[in-house]
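J.: Here is the input, now give the coordinates:
(one chain, ligands or ions: 2)
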Amino acid sequence: LARGTAVADLAGRHVVVSAGGTREPLDPVRYLGNRSSGKQGYALATTAAARGARVTLLSANVELPAPAGVDVVKVTTALELREAAVKAAAEADVVVMAAAVADFRPTDYAAVKIKKRDGVEPAPIALVRNPDILAELSEHRARPGQLVVGFAAETDQVLANGRAKLARKGCDLLVVNEVGDGKAFGLDTNEAVVLGADGSERAIAPGPKEDLADAVWDLVAARLGAAEH
Ligand code: CTP
Ligand code: CA
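T.: Numbers count the residues shown, from 1 in each chain. Ligands and ions are numbered 1, 2, ... in the order given. Got it, this is the predicted structure:
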């Protein structure tokens, strides 16, 4: 589907998209974060709205204007994102996890700013695992036929790692980006392969993030349509 064509193939559908990257606080002024710009998630939200969907955008630390006609829920941490995602997914036809979720968070949060002291080495930062939101949403579908889509950035063995990840997560589609050497992060273009739990594999040519978003919605719309017949 070419961008700009007003095919409302997601009309009557509620889609939930997460975007950006979570931040895991260490103290009131510091956090562990990642470089996700949120551009791909925002492109997914914008294009879904253009195709007629009702869109809930779970936005983690993104500095982009809210897309018109989209319901934006701001979150900071992985735990906040999980809560917002479970809530929004309860009445969604599709959930797309495009956000970069921190795998770990600091075990302890210092309620006051951590201070350095002369002659004292800093304590190591202890970390604990965050819940895997995508795996959780995939395992506990809020409604029958709900589609769950994940994103993965891989630096090497992109297809093999992507297949393994798709199986581990239990989602329907996994959009795999090759990253490293300046690819994808913060850029306006993206290149990907979309792997399906049904064994399908669709290569997406390098191009604007809106085009990748539309290609994802094409695959989603086909699956939603097929489920009805
Ligand atoms: N994800 C999630 N919750 C997490 C970690 C990741 O929902 N705690 C989602 C991301 O939003 C993304 C997908 O899982 O859609 C894949 O993220 P990725 O970091 O590639 O997967 P991981 O399982 O964390 O594997 P890795 O060890 O390679 O980081
Ligand atoms: Ca990860």
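J.: Give the pairing partners of the lowest-mean-pLDDT helix or strand in the chain; include direction for each.
T.: Ranking every helix and strand in the chain by mean pLDDT, DSSP states H and E puts strand 189-196 at the bottom, with a mean of 87. In the sheet, strand 189-196 lines up against strand 173-178 (antiparallel), strand 201-208 (antiparallel) (DSSP bridges).
J.: Quick one: low-confidence residue ranges for this protein.
T.: 1-6, 181-189, 229 (pLDDT under 70).
J.: For it, which segments count as strands?
T.: Assigned by DSSP state E, the strands in the chain fall at 14-20, 24-27, 30-32, 54-60, 71-75, 94-97, 104-106, 127-129, 147-154, 173-178, 189-196, 201-208.
J.: Enumerate the residues of this structure near ligand 1.
T.: 78, 97, 99, 101, 103, 130, 132-134, 150-153, 165 (C-beta under 6 Å from any ligand atom). C-beta: built from backbone N, CA, C; applies to glycine.
J.: Filter those down to the buried ones.
T.: 78, 97, 99, 101, 130, 132-134, 150-153, 165 (16 or more other C-beta atoms under 10 Å).
J.: remind me, longest helix of the protein?
T.: Identified as the longest helix of the chain according to DSSP state H is helix 209-228.
J.: Turn the residues of the chain next to ligand 1 into CSV, including distance to Gly225.
T.: Formatted as CSV, the residues of the chain next to ligand 1 follow (distance: C-beta to C-beta, whole Å):
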residue, distance to Gly225
Ala78, 33
Met97, 22
Ala99, 27
Val101, 30
Asp103, 35
Asn130, 35
Asp132, 29
Ile133, 27
Leu134, 24
Gly150, 21
Phe151, 23
Ala152, 25
Ala153, 29
Lys165, 26
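J.: what about the residue lying closest to Ala126 once chain neighbours are set aside, neighbour count?
T.: The spatial neighbour of Ala126 that comes closest, neighbours along the chain excluded (C-beta to C-beta, 6 or more residues apart in numbering), is Thr107 at 4.1 Å. The number of residues packed near Thr107 is 9, by other C-beta atoms under 10 Å.
J.: who's in contact with the residue nearest to Tyr109 when sequence neighbours are not counted?
T.: The shortest distance from Tyr109 to any non-neighbouring residue, by C-beta to C-beta, 6+ apart, is to Pro25 (5.8 Å). Residues counted as contacts of Pro25 (C-beta atoms under 8 Å, 6 or more residues apart in numbering) are 31, 76-77, 106, 109.
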